[in-house]
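J.: coordinates for the following, if possible.
(chains A and B)
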Protein chains: 2
Amino acid sequence: MTAFTTLLRDSWRRNDSLLCVGLDPDVKRIPEHLGRGPAAIGAFCRAIVDATADLVCAFKPQIAYFHAERAEAELEELIAHIHARHPGVPVILDAKRGDIGSTAEQYAREAFERYQADAVTVSPFLGRDSIIPYTSYRERGVIVLCRTSNPGGSDMQFLEVDGPAGRELIYQRIARVVAQDWNSNGNCALVVGATFPRELKDVRAIVGDLPLLVPGIGAQGGDIEATVRAGQSADGTGLIINSGRAILYASGGTDFAAAARAAAQATRDEINRFRT
Amino acid sequence: MTAFTTLLRDSWRRNDSLLCVGLDPDVKRIPEHLGRGPAAIGAFCRAIVDATADLVCAFKPQIAYFHAERAEAELEELIAHIHARHPGVPVILDAKRGDIGSTAEQYAREAFERYQADAVTVSPFLGRDSIIPYTSYRERGVIVLCRTSNPGGSDMQFLEVDGPAGRELIYQRIARVVAQDWNSNGNCALVVGATFPRELKDVRAIVGDLPLLVPGIGAQGGDIEATVRAGQSADGTGLIINSGRAILYASGGTDFAAAARAAAQATRDEINRFRT
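T.: Numbering: from 1, shown residues only, chains lettered A, B, ... in the order given. So this is what the prediction gives:
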């Protein structure tokens, strides 16, 4: 199979897009005519994917929205559908796993073997040995939480600690350690929220051209211009800018897929206005 | 329903036990005569539960071992079986979730509504607002990672930061913040590994009689005497001491359930030797 970083670089270029569509199918917001339950979740996500696949650099299904509704089979089918119908578009399974090594091996099997995701999000809280079971899959991407988009993200990530070159904040330390150490197989990336463009700029300076997954534009209020200017790498790529709700629920009617396409196109184009 | 903390207090007393059996069904280690696949996982765990339920204060299924094998239905059935056949024994779903509020709501629904767990383990890395969706279920327990049992746990948890009364380590800060702030509904607990008895003692001093879930005895090498002496509360309870592999795989033959019972009984009794 093709490595995640290669897939990503190719799809940035092919679709001229840094946009990632977040597949967070909230059963309370899926258009009524699709019905309810796991089958409706599957049909909804498939329609969104088919309407936007040429506009995105990646898709990011959030696993909790599927598991809370017993839609595991639909998640497997959705990812298989993306691989079959839209080959080359990487799938990031957003799961934010974090557990000791023996359990992390099971989570890695779930993400990479059961669901066939190209990449998975993980938490750094349990340290280096909790990440190795994921990075050992050399062709898959491992996207480590660094600076999350929510208000409480600061509770821990903004604490100041001693670093080798003076004081540093926890999120800076994570960025440094991932780039310098955990990324020895070249398959790591980081999550940095769009709600903190200053920190995004900071992380970019620390990690060189490591890919950054950026949630928080759209419903969470992050600014696109500030995000792109702060986060892009030297060649105007380097970002996976996620938008979920603003695209998924652009319309609640039978035209939801066309409305999602229009919203995705507008977001991609706005992102591209600010790329170097 | 009965609150998690009440269930726990009652089962500490009723079974005279601080032992929790961790249900981590590794398909490569399940006795061969049970077969393979989800049905074998279900049968194995049910037999372990029925053989040990009067010796434990809780059961702790680890969700990744089930999800990696498509055994969601078996996990639902297992927890329903515990509630029906062994009422009063709380079930802790070990999932170590950590995500922003809107997604945390889905994970909380998965743990508490789909699986009907009495408590769930969560990560503090995303801060206060990522925990509220769980603590809002006032009758359920929310067990926050504080000092994990693995070597890499020190990478972040052992960093030193400024606190209100001078310098403190991250795990001490988590203990303090959970006990003083996040526990406003009285349903929080903490995870502190048995591999670090000094830190366990430290956390006990910070949090009063908050329950502590302690993994790491048995296969991971934590010492029972040191754990009990360092971690018990003033009345000789306060601990949920987890043992998984040493009990589950005490025998790989057809006598596995009886062997698990003998191992659980020996562990419970050794724990009790050191209680005040």
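
J.: what pairs with the residue sitting furthest away from the middle of chain A across the strands?
T.: Here chain A reaches farthest from its C-alpha mean at residue A:166, the gap being 31.3 Å by C-alpha atoms, centre = their mean. Residue A:166 has these beta-bridge partners by DSSP bridges: residue A:163.

J.: quick check: it vs residue A:206, distance?
T.: 14 Å (C-beta to C-beta, to the nearest Å). For glycine as for every other residue, the C-beta is placed from the backbone atoms N, C-alpha and C.

J.: and if you look at residue A:147?
T.: 11 Å.

J.: what residues are up against residue A:151?
T.: Taking C-beta atoms under 8 Å, 6 or more residues apart in numbering or on different chains, we find residue A:151 in contact with B:127, B:129.

J.: check residue A:65 and give its pLDDT.
T.: Looking at residue A:65, its pLDDT reads 98.

J.: is chain B within reach of the host helix or strand of it?
T.: Assigned by DSSP states H and E, residue A:65 belongs to helix A:63-67. Yes: judged by C-beta under 8 Å from any C-beta of the partner chain, helix A:63-67 comes into contact with chain B at A:64, A:65, A:67.

J.: just to revisit the earlier point, look at residue A:147 and residue A:206 and report which has more neighbours.
T.: Higher neighbour count among residue A:147 and residue A:206: residue A:147, with 26 against 21, using other C-beta atoms under 10 Å in any protein chain shown.

J.: so what's the more buried one bridging to?
T.: Under the criterion used (DSSP bridges), residue A:147 bridges to residue A:192.

J.: and it, what pLDDT?
T.: In this model, residue A:147 is scored at 97, pLDDT.

J.: same deal with the one 3 residues further on?
T.: You'll see residue A:150 listed with a pLDDT of 93.

J.: tell me the contacts of it?
T.: For residue A:150, the contact set (C-beta under 8 Å, 6+ apart) comprises A:193, A:195, B:100, B:101, B:126, B:127, B:129, B:130.

J.: repeat that for 6 Å
T.: Residue A:150 makes contacts with B:100, B:126, B:129, as judged by C-beta atoms under 6 Å, 6 or more residues apart in numbering or on different chains.

J.: pull the number of nearby residues for the first one.
T.: Same thing as residue B:100. 23.

J.: out of the contacts of residue A:150, which are close to chain A?
T.: The subset of the contacts of residue A:150 within reach of chain A, counting by C-beta under 6 Å from any C-beta of the partner chain, consists of B:100, B:126, B:129.

J.: and those residues, which is closest to residue A:82?
T.: residue B:100 (23.8 Å; C-beta to C-beta).

J.: the residue lying closest to the closest one once chain neighbours are set aside: which element?
T.: Leaving out its chain neighbours, the residue that sits closest to residue B:100 by C-beta to C-beta, 6 or more residues apart in numbering or on different chains is residue A:150, at 4.2 Å. Per DSSP H and E: residue A:150 is located in neither a helix nor a strand.

J.: not counting the helix or strand harbouring residue A:143 itself, show me its contacts.
T.: Using DSSP H and E, residue A:143 sits in strand A:141-147. By C-beta under 6 Å, 6+ apart, the residues outside strand A:141-147 that reach it are A:4, A:119, A:121-124, A:134-135, A:157, A:171, A:174-175, A:178, A:187-193, A:196, A:199, A:213.

J.: now, those residues that are in strands?
T.: If you go by DSSP state E, those have A:119, A:121, A:122, A:188, A:189, A:190, A:191, A:192, A:213 in strands.

J.: just send the residues you listed back as CSV, with pLDDT and neighbour count too.
T.: Formatted as CSV, the ones in strands among the contacts of strand A:141-147 follow (pLDDT from 0 to 100; neighbours: other C-beta atoms under 10 Å in any protein chain shown):
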residue, pLDDT, neighbour count
A:119, 98, 30
A:121, 98, 28
A:122, 98, 27
A:188, 98, 25
A:189, 98, 25
A:190, 98, 28
A:191, 98, 26
A:192, 97, 33
A:213, 98, 25
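
J.: nearest spatial neighbour of whichever residue of the stretch 1-150 of chain A sits closest to chain B, chain-adjacent residues omitted?
T.: Among the residues of the stretch 1-150 of chain A, residue A:127 lies nearest to chain B; the distance is 2.5 Å by C-beta to the nearest C-beta. Using C-beta to C-beta, 6+ apart and skipping residues adjacent in sequence, the residue nearest residue A:127 is residue B:152, 2.5 Å away.

J.: that neighbour contacts residue A:132, doesn't it?
T.: No: counting by C-beta atoms under 6 Å, residue B:152 does not reach residue A:132; the two are 8.7 Å apart.

J.: those residues of the stretch 101-250 of chain A touching chain B, which are they?
T.: Counting by C-beta under 6 Å from any C-beta, the positions of the stretch 101-250 of chain A adjacent to chain B are A:103, A:106-107, A:109-110, A:123, A:125-130, A:148, A:150-153, A:155-156, A:159, A:161.

J.: can you flag which of those residues belong to helices?
T.: A:103, A:106, A:107, A:153, A:155, A:156 (DSSP state H).
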